[in-house]
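**Student:** Take this sequence and fold it.
(4 chains)
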2 protein chains.
Amino acid sequence: MRRAHHPEAGEITLTGVMAALSDPIRVGLVRVLADGRERGWGELQAPVAKSTLSHHLRVLRDAGLTRTRQEGTRCFVVLRREDVQARLPGLLQAVLAAAEEDDIGRQVSVKGAERPA
Amino acid sequence: MRRAHHPEAGEITLTGVMAALSDPIRVGLVRVLADGRERGWGELQAPVAKSTLSHHLRVLRDAGLTRTRQEGTRCFVVLRREDVQARLPGLLQAVLAAAEEDDIGRQVSVKGAERPA
DNA sequence: TTCGATGTTCGTGAAACATCGAACAAGCTA
DNA sequence: TAGCTTGTTCGATGTTTCACGAACATCGAA
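**Tutor:** Numbers count the residues shown, from 1 in each chain, chains lettered A, B, ... in the order given. As a prediction, the model looks like this:
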C-alpha cells in the first residue's frame, strides 16, 4: 500500500483525461463519484476483479480525475471536479451529461444504493 | 479505395469519441477541421507516414467525428460538428477550447496556411 | 494504354491496455 | 502473535493501437 501519486491540477492533460474516460467502467466510476461524495473502495461495485478495479482507479487518479485518501487499511476516492474544471472547462460536465443520457457505465454502482433494474 | 463506412449520428458513442480524441495527432486534425471547411487529404500535414495518416483519419471517421467524401482519386474530410453536438452536447467545444489553450496537436497543419513558429 | 498521383490495405513489429489470479504489504482485531 | 481485511503489485495472456513500408486499386492525364 504505497503512496499514491497525484498530478497537480496544472498537470492534468486533455489527452490524458480523454484516454482515461474512454473506458466504460471508468466512466461509470466517475458517474458514481459525480455527486461529490467521497466513497470507500469497498462501496464501489463493478463486474471486474479487485486487481482490475484497482487498476482503473489508478488510471483515473493518474489522469488527475480523482483523489485518493488513505485511512488505516482502507482508501477513499473523490472526484477532483474543480481541478478538472479549471484545466478543462466544461469537459467533465459534457461527459457526465452524455454518460447519463446513454447510461454508460451502468455496470458500476455503489453498494447499498438503489439500483434501477 | 473502397467505400468508407460512416456511423449514423445516432451511433456516435461517448467512449468512441473519447478514445478517438485521446491521441494528439487526431486532436490536431480535428483542430484543423474546426473552422468547418472541407479539406483535401493532401492539404493535411502531419509528421507521420501516409498510411498512418490514413489510419488516423479512419479512426476519426469510424468514431463519427468526420465525414469523408470522394471525388475522383482524391478525398475530402469535414468535421461532423452538428452530429457530434447533437449526440454529445458541449463536448467538442470543450475539447477544442482545451486543445487550443494547450496547443495540443500543433504538429498537424494545413499546407499553405500560415504556421506560427 | 501507359504513367503518375492519391489513398487504402496488408503484413509486421513494438507498445499499451484490460483482465485475471496469486502473492504481497499494511494495518486492525482477537 | 496470529489472523483477517483491504488494497497494491506482479506475471501471464490476449487484444488493441500506432507505426512503417510495400503492394494494390483507382482515376485522370499524356
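
**Student:** For the rest of this, base every contact and every neighbour count on C-alpha atoms.
**Tutor:** OK.

**Student:** What residues are bridge-paired with A:Glu71?
**Tutor:** Residues in a beta bridge with A:Glu71, per DSSP bridges, are A:Arg74.

**Student:** And the pLDDT at it?
**Tutor:** pLDDT recorded at A:Glu71 is 88.

**Student:** Could you give the number of residues near it?
**Tutor:** 9 (other CA atoms under 10 Å in any protein chain shown).

**Student:** out of everything not next to it in sequence, what's closest to the most centrally placed residue in chain A?
**Tutor:** Centroid-nearest residue in chain A: A:Val30, 3.6 Å away (criterion: CA atoms, centre = their mean). Spatial nearest neighbour of A:Val30, chain neighbours left out: A:Leu79 (7.1 Å); criterion: CA to CA, 6 or more residues apart in numbering or on different chains.

**Student:** ditto for A:Leu21
**Tutor:** That would be A:Val27: by CA to CA, 6+ apart, it lies 5.5 Å from A:Leu21.

**Student:** Can you check the pLDDT for that neighbour?
**Tutor:** On the pLDDT scale, A:Val27 gets 98.

**Student:** How about the contacts made by it?
**Tutor:** A:Val27 sits next to A:21, A:99, A:104-105 when contact means CA atoms under 8 Å, 6 or more residues apart in numbering or on different chains.

**Student:** ok, and the most crowded of those?
**Tutor:** Ranked by neighbours (other CA under 10 Å), the contacts of A:Val27 are led by A:Leu21, which has 28 neighbours.

**Student:** just checking, that one touches B:Met18?
**Tutor:** Yes: with contact defined as CA atoms under 8 Å, A:Leu21 counts as touching B:Met18 (6.5 Å).

**Student:** hmm, the helix or strand encompassing A:Met18 touching DNA strand D?
**Tutor:** Per DSSP states H and E, A:Met18 falls inside helix A:14-20. No: no part of helix A:14-20 sits near DNA strand D under the criterion CA under 7 Å from any atom of the strand; the closest distance found is 9.6 Å.

**Student:** With stretch A:52-72 instead?
**Tutor:** Yes: using CA under 7 Å from any atom of the strand, stretch A:52-72 reaches DNA strand D at A:54-55, A:57-58.

**Student:** And A:Ala97, how far from A:Val30?
**Tutor:** 12 Å (CA to CA, to the nearest Å).

**Student:** who in chain A is up against chain B?
**Tutor:** A:14-19, A:21-24, A:87-91, A:94-95, A:98-99 (CA under 8 Å from any CA of the partner chain).

**Student:** who touches the residue nearest to A:Val30 in this structure?
**Tutor:** Here A:Leu79 is in contact with A:30, A:33-34, A:36, A:38, A:65-67 (CA under 8 Å, 6+ apart).

**Student:** tally of neighbours for A:Ile12?
**Tutor:** 20.

**Student:** now the strands for chain A?
**Tutor:** A:39-40, A:44-45, A:66-71, A:74-79, A:109-110 (DSSP state E).

**Student:** Looking at the ones you listed, which is nearest to A:Gly10?
**Tutor:** With respect to A:Gly10, and counting by CA to CA, the nearest of the strands of chain A is strand A:66-71 at 14.1 Å.

**Student:** contacts for that closest one?
**Tutor:** By CA under 8 Å, 6+ apart, strand A:66-71 touches A:4, A:6, A:60-61, A:75-80.

**Student:** one more time with 6 Å
**Tutor:** With CA atoms under 6 Å, 6 or more residues apart in numbering or on different chains as the test, strand A:66-71 has contacts from A:60, A:75-80.

**Student:** Just want the angle from that strand to strand A:74-79.
**Tutor:** 150 degrees (axes from the mean of the first three to the mean of the last three CA atoms, to 10 degrees).
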